[in-house]
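*Asks:* Sequence and predicted structure are below.
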Amino acid sequence: MNKYHLPGETIGIIGGGQLGQMMASIAKEKGYKVIILDPTKNCSAAQVSDEQIVAEYDDLNSLIKLAKKCDVLTYEFENVDAETIEEITNYTDVPQGTKALIVTQNRIREKNFLSDNKFPVVPHTIVKTFDDFQNGLRDLNYPAILKTVEGGYDGKGQILIENETFDESAVKKLIEFGTCILESKIELLKEVSVVISSNLNQQHSIFPLIENEHHNNILHISNCPARINNEIVEETYQIAQQIARQLNLVGTMCIEFFISKSQKVYVNEIAPRPHNSGHLTIESCNISQFDAHIRGICGWPMPEVKLFSSTVMINLLGQHIEAAKADLLRHTEWNFHDYGKDICKVNRKMGHITILSNDVEHTISALKQNPIWKD
């Protein structure tokens, strides 16, 4: 397949959520046609695209139909079947390949990849039975986190084991669901993320380090640049670039890190696509993570990223969105994004707000004082 894809060609996107929506928007700005495959009619991405194929993500015939209609194919989330992606490479260009997908779809494979390549990870053990869990607790001690190997996101499929009073029935139920990983819970100083993008020539665009705060295991606030010392910033950049090379990165990827109170850096997770924390790049940088993704998969040269301003982003969940709309006219500083989802649910990501700020501390404090985001 051709390594370069120019405006006028067609990009296919598997997945129609907000990440697909923002990919599609930037692709349309550049002059590409965009076709979405998603099972939900009028999904977020379809609203800004040329066409939607309404089908499940594992519907091979529909995926082949999509592949035949487009010149280059990408995906907005990592839980697409890697074998299916391999099959549709017979019909269109899939420059991202499947290596990153295969590694990141399974926490055991991801941890093994990181450990085998000498990247720092928190102490952990594999849990297939309750006996494994009890043995793991003896080795790792409290607190620890039990996670499903596949399918978890935004805290789903996770149980925090703080002390011996943990819910034994919940733990057994999670283990019955499938193989798990038990991880030590480190004394956390900060959670940060590196968003990095690449083309087939392994030219990288690396975005400034982003600092993240979660509520109930869902990303709440991000700010950029992260308030952390330069040595840690450089260490995360180096690790991110090495991971990108090892996974043959094409497009945009996010690497999440834990920084311990003792200033140790650990790789938490790898997301082989644009990431919630990187949404703030739309307003804060000369290119966004979505712009970089489209450039990467289409074989364009990758530019150096420049940060225009310190920035804060806050998520709008189902319980926030209507109140935020009502408050919008009072805030000229808000860059307001609504994903256009038909169904609003508590803790579902419905949009986000980005604020360019000369005083990040004050901006974060003001957001936290706003009753919209009070628990």
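*Replies:* Done, it's in.

*Asks:* those helices in the protein, which residues are they?
*Replies:* For the chain, the helices defined by DSSP state H occupy 18-29, 60-69, 82-88, 99-104, 107-116, 130-140, 168-177, 230-246, 281-284, 289-297, 321-327, 360-369.

*Asks:* Tell me which of these is the most buried.
*Replies:* Highest mean neighbour count among the helices of the chain (mean count of other Cβ atoms under 10 Å): helix 289-297, with a mean of 27. C-beta coordinates here come from the backbone N, C-alpha and C atoms, glycine included.

*Asks:* So what touches that helix?
*Replies:* By Cβ atoms under 8 Å, 6 or more residues apart in numbering, the residues outside helix 289-297 that reach it are 5, 11, 19, 22-23, 25-27, 30, 32, 72, 74, 95-96, 195, 197-199, 205, 207, 249-252, 254, 273-275, 278-279, 281-282, 287, 300-303, 305.

*Asks:* rerun at 6 Å
*Replies:* Residues outside helix 289-297 that contact it (Cβ atoms under 6 Å, 6 or more residues apart in numbering): 22-23, 26-27, 72, 74, 95, 195, 197-199, 205, 250-252, 274, 278, 281.

*Asks:* Relative to residue 302, how far out is the closest residue to residue 197 other than its chain neighbours?
*Replies:* Closest residue to residue 197 apart from its sequence neighbours, by Cβ to Cβ, 6 or more residues apart in numbering: residue 292 at 3.5 Å. Computed as Cβ to Cβ, to the nearest Å, the residue 292 to residue 302 distance reads 7 Å.

*Asks:* who touches both of those two?
*Replies:* residue 205.

*Asks:* Could I get the contacting residues of residue 213?
*Replies:* Here residue 213 is in contact with 220, 221 (Cβ under 6 Å, 6+ apart).

*Asks:* can you pull up the bridge partners for it?
*Replies:* As for beta bridges, residue 213 partners with residue 221 under DSSP bridges.

*Asks:* ok, now how distant is it from residue 289?
*Replies:* 19 Å.

*Asks:* Check residue 251 too.
*Replies:* Taken as Cβ to Cβ, the span from residue 251 to residue 289 is 10 Å.

*Asks:* So what's the residue count around residue 224?
*Replies:* Per other Cβ atoms under 10 Å, the neighbour tally for residue 224 reads 28.

*Asks:* Over to residue 333?
*Replies:* Neighbour number of residue 333 under other Cβ under 10 Å is 12.

*Asks:* Return the per-residue confidence for it.
*Replies:* Note on residue 333: pLDDT of 97.

*Asks:* quick one: it from residue 311, how far?
*Replies:* In terms of Cβ to Cβ, residue 333 sits 11 Å off from residue 311.

*Asks:* For the helices of the chain, could you give me CSV that also reports distance to residue 223?
*Replies:* Formatted as CSV, these follow (distance: least, Cβ to Cβ, whole Å):
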stretch, distance to residue 223
helix 18-29, 19
helix 60-69, 37
helix 82-88, 34
helix 99-104, 25
helix 107-116, 26
helix 130-140, 31
helix 168-177, 33
helix 230-246, 14
helix 281-284, 10
helix 289-297, 16
helix 321-327, 18
helix 360-369, 5
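
*Asks:* Could I get the ones you listed in JSON lines, plus columns for mean pLDDT?
*Replies:* Output for the helices of the chain, formatted as JSON lines (pLDDT from 0 to 100):
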{"stretch": "helix 18-29", "mean pLDDT": "98"}
{"stretch": "helix 60-69", "mean pLDDT": "97"}
{"stretch": "helix 82-88", "mean pLDDT": "91"}
{"stretch": "helix 99-104", "mean pLDDT": "94"}
{"stretch": "helix 107-116", "mean pLDDT": "96"}
{"stretch": "helix 130-140", "mean pLDDT": "94"}
{"stretch": "helix 168-177", "mean pLDDT": "93"}
{"stretch": "helix 230-246", "mean pLDDT": "98"}
{"stretch": "helix 281-284", "mean pLDDT": "98"}
{"stretch": "helix 289-297", "mean pLDDT": "98"}
{"stretch": "helix 321-327", "mean pLDDT": "97"}
{"stretch": "helix 360-369", "mean pLDDT": "97"}
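
*Asks:* which phi and psi does the spatially most central residue of the chain have?
*Replies:* Central residue of the chain (Cα atoms, centre = their mean): residue 275, 3.0 Å from the mean position. Backbone torsions for residue 275, taken as degrees, to the nearest 10, come to phi -130, psi 150.

*Asks:* Contact partners for the nearest residue to residue 105 once chain neighbours are set aside?
*Replies:* Excluding the flanking residues, the one nearest residue 105 by Cβ to Cβ, 6+ apart is residue 78, at 5.8 Å. With contacts defined as Cβ under 6 Å, 6+ apart, residue 78 is in contact with 101, 104, 105, 272.

*Asks:* what separates residue 78 from residue 19, distance-wise?
*Replies:* From residue 78 across to residue 19, the span is 11 Å (Cβ to Cβ).

*Asks:* my read: residue 318 touches residue 344, true?
*Replies:* Yes - using Cβ atoms under 6 Å, residue 318 is in contact with residue 344, at 4.6 Å.

*Asks:* So if I had to pick from these two, which one is more boxed in?
*Replies:* Between residue 318 and residue 344, counted using other Cβ under 10 Å, residue 318 has the larger neighbour count: 15 against 12.

*Asks:* That concludes my questions; thank you for your assistance.
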